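sharing a model that was predicted from the sequence below.
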Amino acid sequence: MANKIIDIKGAANLIKEGMTIMVGGFLGNGSPHKLIDVLVEKGVSNLTLICNDTGFTDYGVGKMVVNNQFQRIIATHIGTNRETGRQLNEGITKVELVPQGTLAEQIRSGGAGLGGVLTPTGIGTIVEEGKDKIIINNKEYLIEKPLRADVAIIAGSIVDTFGNVYYEGSTRNFNPLMATAADIVIVEAEQVVEAGMLKQENVVTPGLFVDYVV
Amino acid sequence: MDKIETQNFIAKRVAKELKDGDVVNLGIGLPTLVGNHIPDGVNIMLQSENGYIGLTEAKDDDKIFEHGKNVVNAGCKPAGIRIEGAFFDSAMSFAIIRGGHVDATVLGALEVDEKGSIANWIIPGKMVPGMGGAMDLLVGARKVIVAMEHTSRGKAKILKNCTLPLTAENAVDIIITEMGVMKVTEKGIILKEYNPEYTVEQIKEATEAELLIANDLCQMQQ
């Protein structure tokens, strides 16, 4: 079977100008920090980011925001990174704020072959602007479309050579969802082990979703 | 009372709304203080939207990590987990939140109105942090408790109609401030308990919304 292990520079080279990328993690917890550092060094720009948040100016994907690498950001929260707010206010970067549960389901549906999801979240708020609504069993729902990316970069605590991923503690968050919803999926492993070292029932993201392990 | 005493006074009263066995999600700021005031004999399970249930304080060993290590709360600070707890991904986290499996959520607010609508995620042109999980919590939690100071720099926060962009409409069940406990009903906002440091007239003056007075109005439980 093909070996999925590649070096970090090779992985970073898969991300090209203008692409849409998903970055796993929640305020940097469970984010692929080493890949982020290499991407900052490379400076690839004009990217669209899909991530829960924009981290901090010096931690997580926020470093790439500071380095001006995104032309568009889809996130649920940008309040911990003043640079994102500045770029939004000055019209440098487009920012679309999405409710967190909606973002999770948009990514899940993008990876699951669904045409989106119906959610009551956002009804009666500016989130519903420009979106279709539907009534099911007398309750109103917003139609939220699926999200996909060209590349997802995620982080795993223990990853085997086939790409099976185990996540420790609270590092799981958006990572397993993003692993299903991108054309190329790269996992940054805290620890790489031989296939067979992870108990199959502890695998959270099956290796079939993973293209490369760093 | 200074600001910290006021916040703890509110948090202590909020804690009495929580029942043994409740699954609870606490917002950032004042709502987080509620966890310090849970009465003896009441055991609650805290849900954290970044993906787990059974949130606790971090052990001292974990506090040396600035952003926590592998267990952090929704603010990326070191945290712990109870032996009954569990970790999960964000879709599961919001299935729990949106699906009605959270018994109560406690959130702060910039504005609340007579219909139970709430604004707490954006001040256009000034502050755009984003809604995070707040919109889902307001829609999905079985009981929504707003914990906040009654006014902001002398300006009413409990209004006839919210003026800021809403986080959710018709979502709030109870408002708890340093002045009293108010229930949001179809008829309007009813003052159920008052802090005897204030007169009912003073509380009405600090509230833009019409305040109905409960027949069984009593002093705030402490």
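Cool, the structure landed.

going by C-alpha atoms from here, please, whenever you check contacts or count neighbours.
Noted.

contacting residues around stretch A:188-197?
A:32, A:34-35, A:153-162, A:213-214 (Cα atoms under 8 Å, 6 or more residues apart in numbering or on different chains).

how far does it sit from its chain's centre?
21 Å (Cα atoms, centre = their mean, to the nearest Å).

quote the end-to-end distance of it.
Stretch A:188-197 has its terminal residues 18 Å apart, counting by Cα to Cα, to the nearest Å.

what is the mean pLDDT for it?
Averaging pLDDT along stretch A:188-197 gives 96.

now do the buried residues in that stretch.
Neighbour counts over stretch A:188-197 (16 or more other Cα atoms under 10 Å in any protein chain shown) mark A:188-189, A:192 as buried.

export the helix or strand B:Thr56 falls within to PDB, keeping only CA atoms.
If you go by DSSP states H and E, B:Thr56 is part of strand B:52-57. What follows is strand B:52-57, C-alpha atoms only, in PDB (Å, rounded to 0.1, in the frame of the first residue of the first chain):
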ATOM      1  CA  TYR B  52     -16.800  17.800  25.500                       C
ATOM      2  CA  ILE B  53     -19.000  17.200  28.500                       C
ATOM      3  CA  GLY B  54     -17.800  17.100  32.100                       C
ATOM      4  CA  LEU B  55     -15.700  20.300  32.100                       C
ATOM      5  CA  THR B  56     -13.700  21.000  35.300                       C
ATOM      6  CA  GLU B  57     -10.900  23.300  36.400                       C
END
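
what's the following helix or strand after it?
Past strand B:52-57, the next helix or strand by DSSP H and E is strand B:79-87.

got the buried residues for that following strand?
B:79-81, B:87.

so what strands line up beside that strand?
strand B:52-57 (antiparallel) (DSSP bridges).

identify the residues contacting A:Pro206.
Counting by Cα under 8 Å, 6+ apart, A:Pro206 makes contact with A:163-165.

try it again at 6 Å.
Listed by Cα atoms under 6 Å, 6 or more residues apart in numbering or on different chains, the contact partners of A:Pro206 are A:Asn164.

next up, phi/psi of it, please.
phi -60, psi 140 (degrees, to the nearest 10).

which positions in stretch A:140-150 come out as buried?
Quick answer for stretch A:140-150 (16+ other Cα under 10 Å): A:141-150.

and for B:Gly21, the neighbour number?
Using other Cα atoms under 10 Å in any protein chain shown, B:Gly21 has 11 neighbouring residues.

test my guess that it contacts B:Ile44.
Yes. Look at B:Gly21 against B:Ile44 with Cα atoms under 6 Å: they come within range, at 5.0 Å.

the closest residue to chain B within chain A: how many residues sit nearby?
For chain A and chain B, the shortest gap (Cα to the nearest Cα) falls at A:Gly79, measuring 3.8 Å. Using other Cα under 10 Å, the number of residues around A:Gly79 comes to 19.

circling back to that earlier point, what is the nearest of the buried residues of stretch A:188-197 to B:Pro165?
The closest of the buried residues of stretch A:188-197 to B:Pro165 turns out to be A:Glu188 (Cα to Cα; 39.0 Å).

direction included, what does the host helix or strand of the closest one pair up with?
Per DSSP H and E: A:Glu188 is located in strand A:182-193. Strand pairing for strand A:182-193, using DSSP bridges, gives strand A:149-160 (parallel), strand A:212-213 (parallel).

how about the helices in the chain?
Because you didn't say which chain, this covers chain A. Listed in chain order, the helices of chain A (DSSP state H) span A:8-12, A:33-42, A:62-66, A:82-89, A:100-111, A:175-178.

the intended chain is chain B.
B:3-15, B:30-33, B:90-98, B:134-140, B:200-205.

residues from chain A in reach of chain B?
A:27, A:76-79, A:99-101, A:104, A:121, A:124-125, A:169-170, A:172-174 (Cα under 6 Å from any Cα of the partner chain).

which of those are buried? Put it as a PyMOL command.
In PyMOL, a selection of the buried entries from the residues of chain A next to chain B looks like this (16+ other Cα under 10 Å):
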select buried, chain A and resi 27+76+77+78+79+99+100+101+104+121+124+169+170+172+173+174
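
quick one: low-confidence residue ranges for chain A.
Within chain A, the stretches with pLDDT under 70 are A:1.

in it, which residue sits furthest out from the middle?
A:Asn138 (34.0 Å; Cα atoms, centre = their mean).

ok, back up a step: give me the angle between the strand holding A:Glu188 and helix A:100-111.
Angle between the axes of strand A:182-193 and helix A:100-111 is 100 degrees (criterion: axes from the mean of the first three to the mean of the last three Cα atoms, to 10 degrees).

starting at the chain centroid, how far to strand A:182-193?
Worked out by Cα atoms, centre = their mean, strand A:182-193 lies 13 Å from the chain centre.

how far off helix A:33-42 does it point, in degrees?
Using the same axes, to 10 degrees: strand A:182-193 against helix A:33-42 is 120 degrees.

quick one: end-to-end distance for stretch B:161-174.
Stretch B:161-174 end-to-end distance (Cα to Cα) = 17 Å.

now it, how far from the centre of its chain.
Distance, centroid of stretch B:161-174 to centroid of chain: 13 Å (Cα atoms, centre = their mean).

mind listing what's buried in it?
Applying 16+ other Cα under 10 Å to stretch B:161-174 flags B:161-162, B:164-174 as buried.

bridging across strands, which residues link to A:Val185?
With DSSP bridges as the rule, A:Val185 is bridged to A:Ala152.

who in chain B is up against chain A?
B:50-51, B:70-71, B:76, B:89-91, B:94, B:129-133, B:135-136, B:166, B:169.

list the contacts of the closest residue to chain A within chain B.
Here the residue of chain B nearest chain A is B:Pro129; by Cα to the nearest Cα that distance is 3.8 Å. Contact analysis of B:Pro129 by Cα under 6 Å, 6+ apart lists A:77-79.

which one among the residues you listed gets closest to A:Val95?
A:Ile78 (9.1 Å).

A:Trp63 - how many residues pack around it?
No Trp there; residue A:63 is Lys. When neighbours are counted by other Cα under 10 Å, A:Lys63 registers 22.
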